[in-house]
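Novice: all I have is the shape, not the residue letters:
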Ligand code: FAD
């Protein structure tokens, strides 16, 4: 079932989760344990992130350096298929522009279609560590909106190989990313919203937001999207913090900020357990306010937060009539 169908058939606010594939060489059992825990909350869909290859220079025995291709977390499509068929839950693989030619994208979409996966979250991806800014594949897409267009074309039976006749029309439901605190490369929010609108005009079906810790950012973002003519559902993405260390690290990675009240509460903690409790408490209140606002779904980023997510969701689902 498509994400948009889940969103329109819901009785209350849905709870969905986003997971990462395991590191290459690690067993899938840790992920399965996480999934077993998450499945107790009957999520309508699970997102699985995509991690493109990095390059690093390794010294050879002759002293020369060799550029080596490393992919730390392969397996997005396989894990989506495994979850879908093991648990009977819809999955949303993330697909990125970075590292993909358009033909490879087309083939990836075909694989998903054959697996019966009809949801995708389409993203540009970030620059790899060895690059200062995002560099697209020479035969790939520069921005997520181009990836949306290619997927919409495929949904209409339009393939890159133009001579294909009577070609299968795929049926992908397309999610894209939105940034309540603005994407870090955008000069301002107006420009960012104009490009978000472009993704929507190309055919995106819903938006999932970057994490945020002050709901005012989300409320303002939704208001400005609506004023810009963006009418599709906007699913808030949230990630519980579990330690003071999160406050130091996450802004640099995700270009987000923390409200003063949360920072102060964290600073007053004397033990790691107290920090965890402050993070949990903040997320429960944040999620409850979003539910009261009437959001269609809360999307939990689970990476690094699995210690607290089951407790938080349990607290939310025990409140009557708020979560379906
Ligand atoms: P775009 O929509 O292409 O926007 C990127 C920047 O370019 C923005 O500043 C935008 O304003 C600007 N822009 C857009 N269109 C144009 C245009 N036509 N001309 C000029 N400028 C333009 N990354 C991963 O690698 N794997 C993942 O699994 C992953 N999952 C994510 C899930 C969510 C919910 C979110 C919010 C992010 C995720 N990311 C992931 C990170 C994402 O790839 C980065 O934030 C990336 O820098 C931007 O991706 P985008 O799809 O928003 O890009």
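Specialist: Perfect, thanks for sending it. Note that the structure is a prediction, hence the values are computed from the model and not measured.
Novice: can you tell me the helix or strand for the residue in the chain sticking out farthest from the centre?
Specialist: Ranked by distance from the centre of the chain (C-alpha atoms, centre = their mean), the top residue is residue 62, with 42.8 Å. Here residue 62, judged by DSSP states H and E, is contained in no helix and no strand.
Novice: show the pLDDT at it.
Specialist: According to the prediction, residue 62 has pLDDT 88.
Novice: now do residue 65
Specialist: 87.
Novice: dump the residue contacts of it.
Specialist: Taking C-beta atoms under 8 Å, 6 or more residues apart in numbering, we find residue 65 in contact with 57, 58, 59. Quick note: C-beta positions are derived from backbone N, CA and C, even for glycine.
Novice: for stretch 66-74, give me every contacting residue.
Specialist: 20-24, 49, 51-60.
Novice: so which of those residues reach the ligand?
Specialist: residue 49 (C-beta under 6 Å from any ligand atom).
Novice: buried sites along stretch 285-305?
Specialist: Residues 286-288, 290-291, 295-302, 304-305 are the ones in stretch 285-305 that count as buried (16 or more other C-beta atoms under 10 Å).
Novice: which ones are touching residue 295?
Specialist: If you count contacts by C-beta under 8 Å, 6+ apart, residue 295 has them with 13, 234, 235, 236.
Novice: near the ligand, which residues of the protein show up?
Specialist: Counting by C-beta under 6 Å from any ligand atom, the chain sits next to the ligand at 49-50, 94, 96, 123-126, 143-145, 177, 183, 185-186, 191-192, 195, 198-199, 208, 210, 237.
Novice: quick one, strands of the stretch 1-150 of the chain?
Specialist: 14-19, 45-48, 54-59, 65-70, 90-96, 119-123 (DSSP state E, counting those that start in this stretch).
Novice: partner strands of the fourth one, with direction?
Specialist: Each strand that pairs with strand 65-70, with its direction, by DSSP bridges: strand 54-59 (antiparallel).
Novice: check the first one too.
Specialist: Within its sheet, strand 14-19 is paired with strand 45-48 (parallel), strand 297-301 (parallel), according to DSSP bridges.
Novice: sorry, back to before: ok, so of the contacts of residue 65, who is nearest residue 29?
Specialist: Among the contacts of residue 65, residue 58 lies closest to residue 29 (C-beta to C-beta), at 30.0 Å.
Novice: looking at the chain, which helix or strand is least sure?
Specialist: strand 54-59 (a mean of 82; mean pLDDT, DSSP states H and E).
Novice: just the residues contacting it, thanks.
Specialist: By C-beta under 8 Å, 6+ apart, strand 54-59 touches 65, 66, 67, 68, 69, 70, 71, 72, 128, 129, 130.
Novice: run through this protein and note the low-pLDDT ranges.
Specialist: For the chain, the stretches with pLDDT under 70 are 320-322, 324.
Novice: can you give me the helices in it?
Specialist: 3-9, 29-39, 76-87, 102-114, 144-155, 189-202, 215-227, 244-254, 260-267, 272-293, 309-317 (DSSP state H).
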